[in-house]
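A.B. asks: Test case, fold it:
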Amino acid sequence: MSQEATSDRTSRLAALQAQIGTRGQKPEEKPPAQKPQSPQAAAPVTVPPVQPEQSTEVERSDQQKSERKRHTLYYSTSLNTQVDNAFKQVAHDIFPLEIEKADFVEACFHYCLENLGDIQALLQQPRASS
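C.D. replies: The predicted structure is shown next:
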């Protein structure tokens, strides 16, 4: 490549870098550290202790805190299928009103709590063998 072509390429590269600025450029790489010539010339390296980072978490006000929290419940797969089907049916029946499954399950829990006597009676009945 001729010197003129190299110069032209260098000037175009400089113009592009000026337009772009520092965006998209890789940080300059430092040259690799040179190994000492003899083991006696090597000075011990001390590393300063790392300071723990301060938490950057901002506390939420009482109004911003969600009233919901993730909980895990383990119940039978068939019951889960029944709840899924019931949710789909209710969502279909109340259309165009839209509800989320979490709201449906919460409504079911509230209904259960309001009807504890019926639930106690169901729990006291003997279970059918599976």
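A.B. asks: rest of the way, CA atoms for contacts and neighbours
C.D. replies: Will do.
A.B. asks: burial of F87, as a residue count?
C.D. replies: 19 (other C-alpha atoms under 10 Å).
A.B. asks: secondary structure element for it?
C.D. replies: helix 77-93 (DSSP states H and E).
A.B. asks: next structured bit after that helix?
C.D. replies: Heading C-terminal from helix 77-93 (DSSP H and E), you reach helix 101-114.
A.B. asks: before we move on, the earlier item: buried residues, the helix holding F87. List them.
C.D. replies: Neighbour-count burial for helix 77-93, with 16 or more other C-alpha atoms under 10 Å as criterion, is recorded at 83, 87, 91.
A.B. asks: do stretch 97-105 as well
C.D. replies: Judged by neighbour count (16+ other C-alpha under 10 Å), stretch 97-105 contains these buried residues: F104.
A.B. asks: what's the first-to-last distance across that stretch?
C.D. replies: 16 Å (C-alpha to C-alpha, to the nearest Å).
A.B. asks: Contacts for that stretch, please.
C.D. replies: 87, 91 (C-alpha atoms under 8 Å, 6 or more residues apart in numbering).
A.B. asks: Thought I119 was touching C112, still the case?
C.D. replies: Yes. Between C112 and I119 there is a contact under C-alpha atoms under 8 Å: 7.1 Å.
A.B. asks: now the buried residues of helix 77-93 in TSV, with distance to I99 and pLDDT?
C.D. replies: Shown next, in TSV, are the buried residues of helix 77-93 (distance: C-alpha to C-alpha, whole Å; pLDDT from 0 to 100):
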residue	distance to I99	pLDDT
V83	14	95
F87	9	96
A91	7	95
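A.B. asks: Distance to A102 added to those, as JSON lines?
C.D. replies: Listed next are those as JSON lines, based on distance: C-alpha to C-alpha, whole Å:
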{"residue": "V83", "distance to A102": "11"}
{"residue": "F87", "distance to A102": "10"}
{"residue": "A91", "distance to A102": "12"}
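A.B. asks: of all those residues, which comes closest to S11?
C.D. replies: Of all those, A91 has the smallest distance to S11: 66.3 Å, by C-alpha to C-alpha.
A.B. asks: ok, that closest one - contacts?
C.D. replies: A91 makes contact with 97-99, according to C-alpha under 8 Å, 6+ apart.
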